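A.B. asks: A structural model of the following input is requested.
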Amino acid sequence: MTSRRALCSLAVLSFLLPGPAPAQEIASAYRDAARRIVAAATADHRAYERIGELVDRFGPRLSGSAALEASLDWILEEMRADGLENVRSDPVMVPHWVRGEESLALLLPRARRLPLLGLGGTVATPPGGIRGEVLVVSSYEELTARAAESAGRIVLFDVPFTSYGETVQYRSGGAVAAAKAGAVASLIRSVGPASMQTPHTGGMRYEEGVPRIPHAAITLEDAEMLHRMQERGERIEVHLTMGARSLPDAPSRNVMAELRGTELPDEVVVLGGHTDSWDVGQGAMDDAGGVVASWEAVRLLQELGLRPRRTIRVVGWVNEENGLRGGNQYVTDHGHEKHMLAIETDGGVFSPRGYGFTGSDAAFGIVREIGTLLEGIGAGEIVRGGGGADIGPLMQTGVPGMGLNVDDARYFWYHHTDADTLDKLDPDEVARCVAALAVMAYVVADLPRSLPR
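C.D. replies: Numbering: from 1, shown residues only. A predicted model of the protein is given here:
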């Protein structure tokens, strides 16, 4: 530690003096440390193997489930075995929605069983299910125009994927719009650009004063098929059965560990992802990979003896998928602490490209220069605008935020489906994500002066 600081002292001298520091001095000061981190992170596939153990052992981890709680016990045990400091958990009450048995059968114009996933938070059908005629629409506007036809029917929103932010509105609000039009249930074309008969689940909402009707997703292929049938003038009838239940809130936890700072331990750089997943697949991309990559970044720094001036805290936030209770509770429990930066990884641990950053111009200049240390692994691009759902509540208090940007071309193929499994991740890409997280967290935590707000 002493020799490392001695080697860095000349390079950071201008940064220690009053006035703005030349950003290039930062990269010069930390180039050797960054090279060590990258070399160590990419020397093996430890992070990928740990993701595999987590998802194979516990499977999907929906909030309120026994699988989630068992996985949190395991994470805490493993963090202690790694020798990390202040390993602990903070209590969080989370929603407890249970899918139950569900099915969708096409009756007319021909008989066929259709793959289906109820959307998180949906109500059930009556015990015998709902048999009804389907009305297919391509937008909310078309539903309004055809409102006279929707009463008593099951409305299907066949809306092609453009972007997640634009298309997801039919998942979140489709049940409300369909119920206002008199529908008895609503279906959506799954929110994603590709499918192999894999429906996508995800969160949805109801609105006070509007009837709560069952809401579920079918596959891209079947949504297009039913639309073609309607355009040919064929009558479409289905039988929908859903046994979903919302139980009382259940106790859960945010889990965390630290690498304590040497000089300013009460100042914190926090990074992590969310431990919960939907109740399908393994939640490997979304977001076991983000949690483990962040955890491995901190473990790696400890192993290398790279202990920064400030504390680096890794957090596995709970309940991102259907409530964001973990992110909000973290602010309640830790918002009074001096956070220098928050980093989230929740876009799949594919090949890293860099970071999106939200903060002051002065801070942006600094993190952009730190990004040059990641150019060798293709992760040096720092752009404006970044963060994440779990760190969003913390960012609202004024803390700068970053999100790891990756090559996410395939992310929404598997997002919230049974296909979110370990094989979709590449061990070398995961290792480079670990490197990118470790370098950014370490350098920011070790800067002579705090990242400017």
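A.B. asks: For the nearest residue to residue 70 once chain neighbours are set aside, the count of nearby residues, please.
C.D. replies: With sequence-adjacent residues excluded and distances taken as Cβ to Cβ, 6 or more residues apart in numbering, residue 70 is closest to residue 58, at 5.8 Å. Every residue, glycine included, has its C-beta placed from N, CA and C. Residues lying near residue 58 (other Cβ atoms under 10 Å) number 24.
A.B. asks: Now do the SS call for the most centrally placed residue in the chain.
C.D. replies: Residue closest to the mean C-alpha point of the chain, counted by Cα atoms, centre = their mean, is residue 346 at 3.4 Å. Three-state assignment for residue 346 (DSSP: H, G, I helix; E, B strand; the rest coil): coil.
A.B. asks: Contacts only, for it.
C.D. replies: Contacts for residue 346 (Cβ atoms under 8 Å, 6 or more residues apart in numbering) come out as 273, 274, 286, 287, 290, 320, 388, 389, 390, 403.
A.B. asks: Neighbours of residue 26, how many?
C.D. replies: Around residue 26 there are 26 residues (other Cβ under 10 Å).
A.B. asks: For the residue nearest to the centre of the chain, give its distance to residue 276.
C.D. replies: Residue 346 sits 11 Å away from residue 276, taking Cβ to Cβ, to the nearest Å as the criterion.
A.B. asks: Now do the shared contacts for the two.
C.D. replies: By Cβ under 8 Å, 6+ apart, residue 346 and residue 276 have these common neighbours: residue 320.
A.B. asks: need the contact list for the residue nearest to residue 417 when sequence neighbours are not counted.
C.D. replies: In this structure, residue 417 finds its nearest non-sequential neighbour in residue 198, 4.4 Å apart by Cβ to Cβ, 6+ apart. By Cβ under 8 Å, 6+ apart, the contact list for residue 198 reads 115, 190, 219, 414, 417, 418, 419.
A.B. asks: same thing with residue 377?
C.D. replies: Counting by Cβ under 8 Å, 6+ apart, residue 377 has contacts 38, 42, 352, 432, 435, 436.
A.B. asks: Can you say which helix or strand has the first one in it?
C.D. replies: Same thing as residue 38. Assigned by DSSP states H and E, residue 38 belongs to helix 23-41.
A.B. asks: in that helix, what counts as buried?
C.D. replies: 23, 25-30, 33-34, 36-38, 40-41 (16 or more other Cβ atoms under 10 Å).
A.B. asks: do stretch 404-420 as well
C.D. replies: 404-406, 408, 411-420.
A.B. asks: ok, now stretch 95-106?
C.D. replies: Buried positions in stretch 95-106, judged by neighbour count with 16+ other Cβ under 10 Å: 95, 96, 97, 99, 102, 104, 105, 106.
A.B. asks: Over to stretch 207-219?
C.D. replies: The neighbour-count criterion (16+ other Cβ under 10 Å) identifies 213, 214, 215, 216, 217, 218, 219 as the buried residues of stretch 207-219.
A.B. asks: now do stretch 232-251
C.D. replies: Quick answer for stretch 232-251 (16+ other Cβ under 10 Å): 236, 238, 239, 240, 241, 242, 244, 249, 250.
A.B. asks: Please tabulate the residues you listed in CSV, including the columns pLDDT and distance to residue 175.
C.D. replies: Converted to CSV, the buried residues of stretch 232-251 look like this (pLDDT from 0 to 100; distance: Cβ to Cβ, whole Å):
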residue, pLDDT, distance to residue 175
236, 98, 19
238, 98, 16
239, 98, 19
240, 98, 13
241, 98, 17
242, 98, 12
244, 98, 12
249, 98, 22
250, 98, 24
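A.B. asks: Nearest to residue 209 among those?
C.D. replies: Distances from residue 209 to those, taken as Cβ to Cβ, are shortest for residue 244 (21.2 Å).
A.B. asks: before we move on, the earlier item: can you say which two of the buried residues of helix 23-41 are spatially most distant?
C.D. replies: Farthest pair in these, by Cβ to Cβ: 23 and 40, 25.4 Å.
A.B. asks: circling back: want to try CSV for the contacts of residue 377, with pLDDT and distance to residue 224 as columns?
C.D. replies: Supplementary listing: these in CSV, determined by pLDDT from 0 to 100; distance: Cβ to Cβ, whole Å:
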residue, pLDDT, distance to residue 224
38, 98, 45
42, 98, 42
352, 98, 34
432, 98, 37
435, 98, 41
436, 98, 38
